[in-house]
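Asker: please work out how this folds:
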Amino acid sequence: MVQARSPAVLFVVSSATILLGVLAHPREDRAFWKRSLSPLNTLLNSSGPGYILPLCQNATYRLTAPLLYTAESQEISTVGYPIGDERATLLVDGFWNETNGHSVAVQGTCVGCNNIKLRNVQINGARNGRGPIQGGGNIEFGGPNAGQLIEYVNTYDPRSWTCLHVAEGVLNCTNTVIQNNEIGPCGTDAFQTWADGISLSCRNSVVRDNWIDSPTDGGIVVFGSPGSLIANNTIWIEDNTLLGGINLVDYDPFNGDFTNTVVENNTIIGGFATDQPTDAQDANLGYNNETAIIKMGLAVGNRVWFGDKFGRNRNFGGIVRNNKLTGAFGWGVAVSGTRDFVVENNEIVGNATFIGFRGVNCTIYEALPSPEPFLYDSNGTDSTVIPSNYPDVRLDGALLCITSPDGGDYWPRGGSPYGNPDKDEAGAEGEGASASSGSSKSRKLGLGLGITFGILAALVAAWFVRRWALKKYAPTNSPATPPKF
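Answerer: Modelled structure (predicted):
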């Protein structure tokens, strides 16, 4: 007969088992025990600098208030740093109110929040088809801080105006890195229900290698942010019209200062036909069942967005180069309201159309120029480097009131968000190309035709190669270092 163990012995054995488990797998057990014993914000508030808040894989955390960073070098991340659906999900689930409801999942704008990190999580803003509410974005970083990092995050469906916002502080935010994130959908395209993908208002920062799906206001909006690099991002739309792919339009809060802000090597993909061709007559053009376009692929200068709001004040000092656009747009690159800018070597690749007409929000006093790949207004561009083939068009106001055709075969066929179009693809229209090339029908519709089907396989392959590379070279605890400019 086996002798029964005393309660004291059982307690000692159980305690030893737990202790050994914690020592063997410290982060995994901390994720379980600390989540069980204390609210997440208490952990961030009480643990001090360098604390890592470990979230469980495949877990959903219902938030009724933002998670608040409280000290430098703190980190919120999923245990093991996964990059797929096993990442922990932060669900914005607090009180819904149009004026003071819950909209922020994580907030890292506190004084002293230098070098904080948000890594390998998912954030569901849970707007769920409702209108936007006042408040911040899913992610609110920046403030009077330096060296913050956001990477391998999937953020979507924000309740308010942006999926990801880095705020300027007292114009002293600096050196934020936003990389390798999956962003969107963000907002809807109904009037004033839009939302940005990334909203950057921070000096000397880096926004790179992000995939931004179906934003509706700006794919990436750069609020001055002098000294920043925006590179190798892919922005595309599916069912919603997007106002601007990458926007350098805001005069505030840096008083137009874009000095050494560089936007380069990004890919912006407008709408494509959603029906199937029936004969050779519609082999290149078709109908889009949501009539989705990008109104401006690259919006450069305050006048293309705000008209005469800022008078003679200009955005100054930025560089926009070597970007690629394909799909359906109002205008590919539009420039007005700039000084000492450089705009060069931006290309239309693959099948592209430039379509649209005056919408209900256009005033009767403002002439809206015809859609086309490139345009600028010499009255609104001072000392700005502009390619010679950009038409000089007098702008009476902003360009946002354009609306897409309500039907008709105007959308290009082919295309894919899964990679960058081939730079050397036949049919690419660069800024140095003759503006008069092509048939009159192509000019009327604003077509930039290319060999789209030849790049489709390459685009899809690029997507799978990227996913393979992300899994093979999974992130470590090493923080990213912003490049020197």
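Asker: how far off centre is stretch 341-348?
Answerer: 20 Å (Cα atoms, centre = their mean, to the nearest Å).
Asker: repeat that for stretch 340-347.
Answerer: 21 Å.
Asker: ends of that stretch, what's the gap?
Answerer: End-to-end distance for stretch 340-347, by Cα to Cα, to the nearest Å: 21 Å.
Asker: also stretch 333-346?
Answerer: In stretch 333-346, first residue to last residue: 8 Å (Cα to Cα).
Asker: buried residues, that stretch. List them.
Answerer: Under the neighbour-count criterion of 16 or more other Cβ atoms under 10 Å, stretch 333-346 has 333-341, 343-344, 346 buried. Quick note: C-beta positions are derived from backbone N, CA and C, even for glycine.
Asker: now stretch 206-223
Answerer: Residues of stretch 206-223 classed as buried by neighbour count (16+ other Cβ under 10 Å): 206-223.
Asker: dump the buried residues of stretch 333-346 to CSV, plus pLDDT.
Answerer: Converted to CSV, those look like this (pLDDT from 0 to 100):
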residue, pLDDT
Val333, 99
Ala334, 98
Val335, 98
Ser336, 97
Gly337, 97
Thr338, 98
Arg339, 98
Asp340, 98
Phe341, 98
Val343, 98
Glu344, 98
Asn346, 98
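Asker: just the residues you listed: which are in strands?
Answerer: Among the buried residues of stretch 333-346, the members found in strands (DSSP state E) are 333-335, 338-339, 343-344.
Asker: secondary structure element holding the closest residue in space to Ile76 that isn't next to it in sequence?
Answerer: Using Cβ to Cβ, 6 or more residues apart in numbering and skipping residues adjacent in sequence, the residue nearest Ile76 is Leu53, 4.8 Å away. Per DSSP states H and E, Leu53 falls inside strand 52-55.
Asker: tell me where the stretch 201-350 of the chain is predicted with low confidence.
Answerer: Along the stretch 201-350 of the chain, the model assigns pLDDT under 70 to no residue.
Asker: hang on, the earlier thing: turn the buried residues of stretch 333-346 into a markdown table, including distance to Leu118.
Answerer: Output for the buried residues of stretch 333-346, formatted as a markdown table (distance: Cβ to Cβ, whole Å):
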| residue | distance to Leu118 |
| --- | --- |
| Val333 | 33 |
| Ala334 | 33 |
| Val335 | 34 |
| Ser336 | 36 |
| Gly337 | 34 |
| Thr338 | 33 |
| Arg339 | 36 |
| Asp340 | 35 |
| Phe341 | 32 |
| Val343 | 33 |
| Glu344 | 35 |
| Asn346 | 32 |
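Asker: among these, which two are most distant?
Answerer: Arg339 and Asn346 (19.1 Å; Cβ to Cβ).
Asker: contact partners of the helix or strand just after the strand holding Leu53?
Answerer: Sequence order places strand 60-63 as the next helix or strand after strand 52-55, per DSSP H and E. The contact list for strand 60-63, computed with Cβ atoms under 8 Å, 6 or more residues apart in numbering, reads 40, 55, 88-94, 102, 105.
Asker: which one of the residues you listed sits closest to Thr274?
Answerer: For the contacts of strand 60-63, the nearest to Thr274 is Thr89 (30.1 Å; Cβ to Cβ).
Asker: enumerate every residue touching that closest one.
Answerer: Thr89 makes contacts with 59-61, 121-124, as judged by Cβ under 8 Å, 6+ apart.
Asker: could you redo the last one with a cut-off of 7 Å?
Answerer: Contacts for Thr89 (Cβ atoms under 7 Å, 6 or more residues apart in numbering) come out as 60, 122, 124.
Asker: so what's the residue count around Asp392?
Answerer: The number of residues packed near Asp392 is 11, by other Cβ atoms under 10 Å.
Asker: was I right to think it contacts Ser378?
Answerer: Yes: taking contacts as Cβ atoms under 7 Å, Asp392 lies within contact range of Ser378: 4.9 Å.
Asker: host element of Gly244?
Answerer: strand 242-248.
Asker: what residues of whichever helix or strand comes after that strand count as buried?
Answerer: Using DSSP H and E, the next helix or strand after strand 242-248 towards the C-terminus is strand 262-264. Buried residues in strand 262-264, counted by 16+ other Cβ under 10 Å: 262-264.
Asker: now, which of the contacts of strand 60-63 sits nearest Pro405?
Answerer: Of the contacts of strand 60-63, the one sitting nearest to Pro405 (Cβ to Cβ) turns out to be Val92, at 36.1 Å.
Asker: what sits opposite the closest one in the beta ladder?
Answerer: Leu63 (DSSP bridges).
Asker: what's the answer for Val343, then?
Answerer: Bridge pairing for Val343 - DSSP bridges - gives Val320.
Asker: hang on, isn't it packed against Val335?
Answerer: Yes: using Cβ under 7 Å, Val343 is in contact with Val335, at 5.7 Å.
Asker: so what sits against both of these two?
Answerer: What both Val343 and Val335 touch, as defined by Cβ under 7 Å, 6+ apart, is the set 300, 384, 386.
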